[in-house]
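Trainee: missing the sequence, but the structure's below:
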Ligand SMILES: Cc1cc2nc3c(=O)[nH]c(=O)nc-3n(C[C@H](O)[C@H](O)[C@H](O)COP(=O)(O)OP(=O)(O)OC[C@H]3O[C@@H](n4cnc5c(N)ncnc54)[C@H](O)[C@@H]3O)c2cc1C
């Protein structure tokens, strides 16, 4: 079957999609977007997290056919357009991950970035303040990292949230 | 394998009737695991995510009608206040990403004995609404679970909604697992007190081939509970309630826990739930907000 949906703001189509194929497979193998990682294929690890119609989901748990006409945003689409002609700028959470040393082998990073991006969008960037560490941990409970011990990841999310909160505050 | 995309309930029911072996897919958090691991190759997937009414919830005279396709996240954020134990259970499911997709209808469709929705639905006296081209019927949760992963749903039927009576007293859900997130229950327990009918509802998960009620425990507590004052039940009453709850289990040993541990855990959860519920009941007597 043919499946057509929006990915990172642009329409994309894939042909010959098998009925049982996951969104993750289509993104990686048919649309050239390997940012979302394939690890557990059972929703346990969060490495394939994407936005689907603005809500985060494990793309391995979504049938590609369910995405017809929907809107998908992957880790490749987190970097923001910095204005006319300007280079794309990493999202605050991506910069904070780099700065704080929240990346080791990097395999879990794309999923953590999308899930953290969502948390920050719903809290700090929405003027609701910086999430407490417990809230950060809860939001990231479905993202496994086997290298870092999570401390630097939590630090990075907190720092990014603080920056977003400051910006949101200035905007008010 | 075919991928069917009905856009109305009528189309979906027609599809399920023509292809009774076709597998409905909503959140996909059970279905996709089976597909990814080559455990099943159904002749067709029937995508239910385009059917608007499955995603809706509404209040009918204080009773909650929850569409089968409402995600756990939406249960928690929206109608959860009208189904307290189900909301607590929803919060305990998996991770945010899974809660964003997984649904109550999918939990009922799979009917795993460990599914977290079942104990609260049993305790609260919920009713499952089933539809097919032949018509609509309503099956009380207590008659829905027939055997391991076997339910009263016929092959041509879809689950369209669950109906929950207005909560007339405290409800509590607890669950035991190895960590706080991403945990399939080792044992789960739900309790609902109905201050108006002066009845008790229970639901037990992961401790028998199907989700079950502890009927003897329900009758015992309904008779012993001080419905006028909600006074803390005496120690022998609490203990007996826990014993009767534990005796309703038919657990097995598996990689998640031993049968003995499960039976013990249900007794402990039942006693704790009773203490919480009694305290909440007393708190509600004065302010009259008990039924909020
Ligand atoms: C990582 C992970 C963690 C999990 N943790 C938990 C947990 O803590 N607690 C828990 O209870 N579950 C857990 N689950 C299981 C799953 O998320 C739940 O059972 C969820 O409720 C399934 O809903 P769904 O919409 O995703 O179902 P789907 O996968 O779409 O469907 C599940 C089953 O129900 C059928 N079905 C779906 N909708 C209907 C309908 N309307 N009518 C008839 N049949 C239907 C399908 O054909 C299928 O058999 C977990 C799953 C994963 C992947």
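Mentor: That came in fine, so what should we check first? Treat the numbers as computed from the prediction; the structure is a model and nothing was measured.

Trainee: Leaving aside the residues adjacent along the chain, what's closest to residue B:19?
Mentor: In space, and not counting its chain neighbours, residue B:19 is closest to residue B:44: 5.0 Å by C-beta to C-beta, 6 or more residues apart in numbering or on different chains. Quick note: C-beta positions are derived from backbone N, CA and C, even for glycine.

Trainee: likewise residue B:232?
Mentor: Once flanking residues are discounted, residue B:232 sits nearest to residue B:278: 5.6 Å by C-beta to C-beta, 6+ apart.

Trainee: Tell me the residues of chain A that contact chain B?
Mentor: A:1, A:18-20, A:22, A:41-44, A:46, A:49, A:55-58, A:60-63, A:65-66, A:68, A:115, A:138-139, A:141-143 (C-beta under 8 Å from any C-beta of the partner chain).

Trainee: which residues touch residue B:85?
Mentor: Listed by C-beta atoms under 8 Å, 6 or more residues apart in numbering or on different chains, the contact set of residue B:85 reads B:119, B:120, B:123, B:124, B:171, B:172, B:173, B:190, B:191, B:192.

Trainee: Recalculate using a threshold of 6 Å.
Mentor: B:120, B:123, B:171, B:173, B:190 (C-beta atoms under 6 Å, 6 or more residues apart in numbering or on different chains).

Trainee: ok, now how distant is it from residue A:9?
Mentor: 42 Å (C-beta to C-beta, to the nearest Å).

Trainee: Same question for residue A:122.
Mentor: Using C-beta to C-beta, we find residue A:122 at a distance of 21 Å from residue A:9.

Trainee: more crowded one of the two?
Mentor: residue A:122 (12 against 9; other C-beta atoms under 10 Å in any protein chain shown).

Trainee: Could you pull out the buried residues of stretch B:192-211?
Mentor: B:192-195, B:199-208, B:210-211 (16 or more other C-beta atoms under 10 Å in any protein chain shown).

Trainee: which stretches of chain B aren't confidently modelled?
Mentor: By pLDDT under 70, the weakly predicted segments of chain B are B:286-292.

Trainee: quick one, strands of the stretch 51-200 of chain B?
Mentor: Secondary structure of the stretch 51-200 of chain B by DSSP state E, counting those that start in this stretch: the strands cover B:57-60, B:63-67, B:127-132, B:135-140, B:145-147, B:150-151, B:158-164, B:171-176, B:187-194, B:199-205.

Trainee: The longest one pairs with which strands, and in what direction?
Mentor: By that I understand strand B:187-194. Note on strand B:187-194: by DSSP bridges, its sheet partners are strand B:171-176 (antiparallel), strand B:199-205 (antiparallel).

Trainee: Could you do the shortest one as well?
Mentor: Based on DSSP bridges, the strands next to strand B:150-151 in the sheet, each with its direction, are strand B:145-147 (antiparallel).

Trainee: Go through the strand it pairs with and flag the buried ones.
Mentor: Buried residues in strand B:145-147 (16+ other C-beta under 10 Å): residue B:145.

Trainee: same question, stretch A:39-59
Mentor: Buried, per 16+ other C-beta under 10 Å, within stretch A:39-59: A:39-41, A:43-52, A:56-59.

Trainee: Give me the contacts around that stretch.
Mentor: By C-beta under 6 Å, 6+ apart, stretch A:39-59 touches A:23-24, A:36-37, A:60-61, A:70-74, A:108, A:111, A:114-115, A:118, A:142-144, B:29, B:33, B:36, B:97-98, B:100-101.

Trainee: near the ligand, from these?
Mentor: Filtering the contacts of stretch A:39-59 for proximity to the ligand by C-beta under 6 Å from any ligand atom leaves A:61, B:29, B:33, B:98, B:101.

Trainee: sorry, back to before: just to check, the residue nearest to residue B:19 is in contact with residue B:18?
Mentor: No: contact criterion C-beta atoms under 6 Å: residue B:44 and residue B:18 do not qualify, at 9.4 Å.

Trainee: Please say which of these two ends up with more neighbours.
Mentor: residue B:44 (18 against 12).

Trainee: ok so, going back, who's in contact with the residue nearest to residue B:19?
Mentor: Neighbours of residue B:44 in contact, by C-beta under 6 Å, 6+ apart: B:2, B:4, B:19, B:22.

Trainee: Go ahead and build a ChimeraX selection from the buried members of those.
Mentor: In ChimeraX, a selection of the buried entries from those looks like this (16+ other C-beta under 10 Å):
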select /B:4,19,22
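
Trainee: Return the closest of the contacts of residue B:44 with respect to the ligand.
Mentor: Closest approach to the ligand among the contacts of residue B:44 (C-beta to the nearest ligand atom): residue B:22, at 8.7 Å.

Trainee: From residue A:25, how far out is that closest one?
Mentor: 21 Å.

Trainee: pLDDT score for the residue nearest to residue A:79 when sequence neighbours are not counted?
Mentor: Nearest non-adjacent residue to residue A:79, counting by C-beta to C-beta, 6+ apart: residue A:88, 4.4 Å away. pLDDT, residue A:88: 81.
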